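In: Quick one, what's the 3D model for this:
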Amino acid sequence: GLDTKKISAFRDAYNPQTRKRDLLFIGRLIDKAELELLVHALAAPQCAKVTVDIIGYGPHFPDLQRLAQNLEVAERIRWHGSIVDEEAIATIANQCKIFIYPGSVGLSLIHGFAYGLPAILHDDRWTQMPEIAAHQPGQTGGEFEHGSAGSLANAIAGSLAQPHQLKVFSENAIETVTASYNVDDMARRFCALVQSFEGQQK
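Out: This is a model prediction of the structure:
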């Protein structure tokens with residue numbers, strides 16, 4: 001879980017029709033992120049105007065930057081590097097419409113939901129991290145065929161074309177992390193587990 005109360009204090013009201021940026025990625029630039037898929041998706045005709053903000057750093061950064069230049073999409077990607085200050089993250093997240101994670105998503109998903117961002121994730125749930133349980137395609141966002149840049153491009157373009165649906169997804173995302181997947185709920189469940197063991201010992 002994350003301290004979603006702290007994040008929600010920085011969250012702006014969600015209106016995809018007035019937000020200037022499209023996609024937000026939060027996470028380390030490593031193998032499991034599969035971020036090269038997103039760069040390839042940006043080069044697809046249906047994503048010709050899509051912008052991406054990337055918060056995070058890792059060993060894949062030079063290769064990803066080079067790929068973006070080769071595919072002529074570099075001007076539509078903002079590389080923010082590693083940011084740990086939540087207020088600074090909020091200034092970026094509150095400009096974006098959708099949280100995106102092409103690979104195996106973990107706590108980054110909860111972070112995106114806490115900002116009210118619908119998610120686009122791949123459809124192979126068995127290769128995802130446990131936090132995938134928070135995402136319900138058709139309720140908190142969309143999905144694409146794992147490993148397919150074309151499918152990802154279609155999912156991005158289709159989602160951005162339906163702002164009213166995105167607003168519903170945003171409300172559902174906030175409701176999800178308000179009810180669970182946060183430190184308060186994690187603490188309650190941990191205490192309940194400890195108490196159950198105490199009861200067995202008696």
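In: Quick check: which ranges of the protein have low pLDDT?
Out: 1-2, 180-202 (pLDDT under 70).
In: repeat that with 90
Out: 1-6, 8, 130, 178-202 (pLDDT under 90).
In: quick one: the helices in it?
Out: 4-10, 35-42, 61-70, 86-93, 107-114, 149-160, 163-179, 183-201 (DSSP state H).
In: Of all the ones you listed, which one is nearest T18?
Out: helix 163-179 (9.6 Å; Cβ to Cβ). C-beta: built from backbone N, CA, C; applies to glycine.
In: Could I get the buried residue list for that closest one?
Out: Residues 165-167, 169-170, 172-174, 176-178 are the ones in helix 163-179 that count as buried (16 or more other Cβ atoms under 10 Å).
In: Let's check: the centremost residue of this protein is which one?
Out: F99 (3.4 Å; Cα atoms, centre = their mean).
In: And Q139, how far from P118?
Out: 9 Å (Cβ to Cβ, to the nearest Å).
In: next one: T127
Out: 21 Å.
In: Around the residue nearest to D63 when sequence neighbours are not counted, how many other residues sit close by?
Out: Sequence neighbours aside, E36 is the residue nearest to D63 in space, at 7.7 Å (criterion: Cβ to Cβ, 6 or more residues apart in numbering). Neighbour count for E36, taken as other Cβ atoms under 10 Å: 18.
In: from what I can see E36 touches F61, true?
Out: No: applying Cβ atoms under 8 Å as the test, E36 and F61 come out as separate, 11.7 Å apart.
In: So which of the helices of the chain is nearest R78?
Out: helix 86-93 (8.0 Å).
In: Check which helices and strands that closest one sits against.
Out: helix 4-10, strand 23-26, strand 52-55 (3 or more Cβ pairs under 8 Å, 6 or more residues apart in numbering; DSSP states H and E).
In: Next, count neighbours for the spatially closest residue to S104 that is not a sequence neighbour.
Out: Nearest residue to S104, sequence neighbours excluded (Cβ to Cβ, 6+ apart): K32, at 4.6 Å. K32 has 16 neighbours, counted by other Cβ under 10 Å.
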